[in-house]
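Asker: Please find the sequence and the predicted model below.
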Amino acid sequence: MNYLTHQLLNSADLEFLRKNLGKKGLFWEDGKQTAGKHAAKVKNNLQLRRDSDLSIKLSGSITKKILSNQLIKSFALPKKVHGTIFSKSTSGMKYGRHIDNAYMSSGRADLSFTIFLSSTDNYEGGALSIENLNSEKNFKLEAGEIIIYPSTYLHSVEEVHNGERLVFIGWIESYVKSIEEREYLFDLDAAARSLLAKYGRSNEVDLIFKSYSNLLRRLGS
């Protein structure tokens, strides 16, 4: 399964987000409002209205962190982050098995991501389940961790049995559409950076970076 998990937000980031998202009077609407025709039938959650001032402000700050993170840039090769939503699920809510739309009004969905904002102690259930051809894996990450995975995978959110599950979700349009090609580039970049850190600049490292850059130029869109 091709995915990345990474600690993106620190404790100060989380405290700021929780304080603002916990304010009274915020408009949390039915999640079906932004679901596709088929996904809407299995979606049961709440989400902060996208066009609210708070949603725009907080989404923008998190998006900047995603786009400036070196590991995420290497893995996802993000052209843009789009369609971001603050989502909340309380007891009895879940999101059944579905696939994300390939194209949205905001962009193409090559990769999907979820950032967990609630502590795992604050809710029961609510794991993100991701399937591919050969496996299915459940993820319930620590607060501040992000998981990025191909939007081509079927996935679901298990029912929350108690407490509140708060997450930030969205999609990435990548410079490289193919999962396999992104993996090749990620491995090359990781190898080159590892060699550079261990042994410093060399002709061999320069050649790897040259190949990486030219492959990205050839495969990118």
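Answerer: That came through fine.

Asker: Now stretch 75-92: buried residues?
Answerer: When neighbours are counted by 16 or more other CB atoms under 10 Å, the buried residues of stretch 75-92 are found to be 75-79, 81-89. Every residue, glycine included, has its C-beta placed from N, CA and C.

Asker: Do a quick rundown of the helices in the protein.
Answerer: Taking DSSP state H to define them, one finds helices in the chain at 11-21, 53-68, 70-76, 179-199, 203-219.

Asker: if you compare those, which one is most tucked away?
Answerer: Each of these was assessed for mean neighbour count using mean count of other CB atoms under 10 Å. The highest is helix 70-76, with a mean of 18.

Asker: what's across from the residue nearest the centre of the chain in the sheet?
Answerer: When CA atoms, centre = their mean is applied to the chain, the residue found nearest the centroid is Phe113 (1.5 Å). The residues listed as beta-bridge partners of Phe113 by DSSP bridges are Ile148, Gly170.

Asker: what residue ranges in the protein score low on pLDDT?
Answerer: By pLDDT under 70, the weakly predicted segments of the chain are 1.

Asker: May I see the helices of the chain organised as a markdown table, with distance to Gly126 added?
Answerer: A markdown table is the format used below for the helices of the chain (distance: least, CB to CB, whole Å):
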| stretch | distance to Gly126 |
| --- | --- |
| helix 11-21 | 16 |
| helix 53-68 | 20 |
| helix 70-76 | 23 |
| helix 179-199 | 26 |
| helix 203-219 | 37 |
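
Asker: Kindly state which of those is positioned closest to Lys94.
Answerer: Nearest to Lys94, of all those, is helix 11-21, at 20.3 Å by CB to CB.

Asker: Now tell me what touches that closest one from outside.
Answerer: Outside of helix 11-21, the residues within contact range by CB atoms under 8 Å, 6 or more residues apart in numbering are 9, 48, 54, 58, 65, 86, 117, 143-144, 166.

Asker: change it to 6 Å
Answerer: Counting by CB atoms under 6 Å, 6 or more residues apart in numbering, the neighbours of helix 11-21 from elsewhere in the structure are 117, 143-144.

Asker: now swap in stretch 198-208 and tell me
Answerer: Under the criterion CB under 6 Å, 6+ apart, residues 192, 195-196 lie in contact with stretch 198-208.

Asker: Of those, just say which sits nearest to Asn214.
Answerer: Ranked by distance to Asn214 (CB to CB), these are led by Ala192 at 13.0 Å.

Asker: what's the closest non-adjacent residue to that closest one?
Answerer: The spatial neighbour of Ala192 that comes closest, neighbours along the chain excluded (CB to CB, 6 or more residues apart in numbering), is Ile208 at 4.2 Å.

Asker: what bridges to Gly125?
Answerer: When bridges are called by DSSP bridges, Gly125 pairs up with Val160.

Asker: okay, now it: neighbour count?
Answerer: Gly125 has 18 neighbours, counted by other CB atoms under 10 Å.
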